[in-house]
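*Asks:* Okay, predicted coordinates and the sequence, questions at the end:
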Amino acid sequence: MPGVGSHHLVRTVAALVALAAVAAGCGNNDDSTGDEPRTPRPSTPEATTEPPTEPAALDPCALVDAAAVSDALGTQLRVTSRGARPAANGWQTTCGYGTFPGSYVVSVEVSTEVDPETFPTGPRNEDEGEGDAGKGPGNVEGRDGESGELQPLEDLGDAAWSEVLEPPSEYVRGNVNVHILRGDHGLRVTSSYRNDDEPKLDGTIEVARAALENLPESFSIPPFDLEPPCSDIDTDLAATATDSEVVSGRSLVDGENVVCEFSLTDGGISIWSGTSDEMITAFEQGLEYGVPVEGLGDAAFSLGDGIASLQVRRGDRIVATSAFSGSPPEEQLNDAEREFAESVLAAFD
């Protein structure tokens, strides 16, 4: 039966052709010929195990330019201080604006890990009641007409308040505070004013608004951010002299003007230095009524409290140290304080 064999051969050839077609389809799903290169399939990226990067360190002096602060407050100011310290559950960093290194009349302060329920005045006393004025950000009742009464401000962060503290005397300056809450960050801008001057509330609010606009969503506040000569100061000797641990430090180097700020577990140390005629004049005036300190630089004096108000002149440079801690100050430097003072002078050589 030749017909059966022919049909079987036809079915076998057809099956082989079909299998070849299926095999060709598995290797190439497009209309290209076998001579063209195949398109590689995208590979699945491998999972990374790298930890997330630390947010950038915050420089509070970069939030508001000194020229903008000067325009807002109507007086010529420059950056004169930088500081950082642990505060409550987080950290606090401050930039000062003024005319004299180490001192300031305007400050911008940023705090982390603040408690929104108690910002900005801190935890309420249990006997202050539960009225609406006492809810949330530390506002309290019974302060109408008093110096320092908190006034709410609109359109600043999650919540904001202004506060005017009157000068207690003609010798002490008053303050204008603007407190802003944003998440768990606190922003406080302070401007001081003399007894014979008016508080600059609008200008302080303007500075606070500019600082808030430039405040990053996330940032870090490292314990130490020091450059020479501040980084050359012996913090071990500082701890011995103050009987307290140095926990953070900041530096500000502006030409011949240098400011070193150290925070202690119990107090702080401020060191400023410069060569201006104003500093030399101020030193010579202080030397007339201060308590002389022998053996440091070309001349040195304090205001009767040793290292808490020590000023030294070496050539045309003034180096002033203000160190305070839980220990009561002494009129003359003890051995540990003198060794620390000498190490400070050595850092400025």
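*Replies:* Arrived safely. Values in this document were obtained by computation on a predicted structure and should not be read as measured data.

*Asks:* what residues are up against residue 112?
*Replies:* Taking CB atoms under 8 Å, 6 or more residues apart in numbering as the criterion, residue 112 is in contact with 90, 91, 92, 184, 185, 221. Using the backbone N, CA and C atoms, a C-beta is placed for each residue, glycine as well.

*Asks:* hmm, try it at 6 Å
*Replies:* For residue 112, the contacting residues are 90, 91, taking CB atoms under 6 Å, 6 or more residues apart in numbering as the criterion.

*Asks:* what's the answer for residue 199, then?
*Replies:* If you count contacts by CB under 6 Å, 6+ apart, residue 199 has them with 164, 176, 193.

*Asks:* so what does the helix or strand encompassing residue 211 touch, helix or strand wise?
*Replies:* Under DSSP states H and E, the secondary-structure element containing residue 211 is helix 201-214. Using 3 or more CB pairs under 6 Å, 6 or more residues apart in numbering; DSSP states H and E, the elements in contact with helix 201-214 are helix 66-73, strand 174-182, strand 185-193.

*Asks:* Dump those to JSON lines, plus mean neighbour count.
*Replies:* Conversion of the helices and strands packed on helix 201-214 to JSON lines gives the following (neighbours: other CB atoms under 10 Å):
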{"stretch": "helix 66-73", "mean neighbour count": "18"}
{"stretch": "strand 174-182", "mean neighbour count": "22"}
{"stretch": "strand 185-193", "mean neighbour count": "23"}
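
*Asks:* Which one of these lies nearest to residue 58?
*Replies:* In terms of CB to CB, the element of the helices and strands packed on helix 201-214 nearest to residue 58 is strand 185-193, at 9.9 Å.

*Asks:* Mind listing residues that contact that closest one?
*Replies:* With CB under 6 Å, 6+ apart as the test, strand 185-193 has contacts from 105-111, 114, 119, 173-180, 199-200, 204, 207-208, 212.

*Asks:* and residue 336, helix, strand or coil?
*Replies:* Classification of residue 336 by DSSP: H, G, I helix; E, B strand; the rest coil places it in helix.

*Asks:* let's number from 28 now, not from 1
*Replies:* Sure, I'll start counting at 28 from here, so that last one is residue 363.

*Asks:* so what's it up against?
*Replies:* 267, 268.

*Asks:* Next one, pLDDT for it please.
*Replies:* pLDDT for residue 363: 95.

*Asks:* ok, now the one 5 residues further on?
*Replies:* On pLDDT, residue 368 comes in at 97.

*Asks:* ok, now residue 163?
*Replies:* Note for residue 163: predicted pLDDT of 35.

*Asks:* per-domain residue ranges of the chain.
*Replies:* 87-147+175-241, 251-374 (automatic domain parsing).

*Asks:* Show the end-to-end separation of the longest one, please.
*Replies:* Using CA to CA, to the nearest Å, the span of domain 87-147+175-241 from its first residue to its last is 10 Å.

*Asks:* which SS class is residue 182?
*Replies:* Using three-state DSSP, the structure places residue 182 in coil.

*Asks:* Just give me the neighbour total for it.
*Replies:* Each residue near residue 182 was counted by other CB atoms under 10 Å, and the total is 6.

*Asks:* pLDDT score assigned to it?
*Replies:* The predicted structure scores residue 182 at 95 on the pLDDT scale.

*Asks:* ditto for residue 116
*Replies:* In this prediction, residue 116 carries a pLDDT score of 88.
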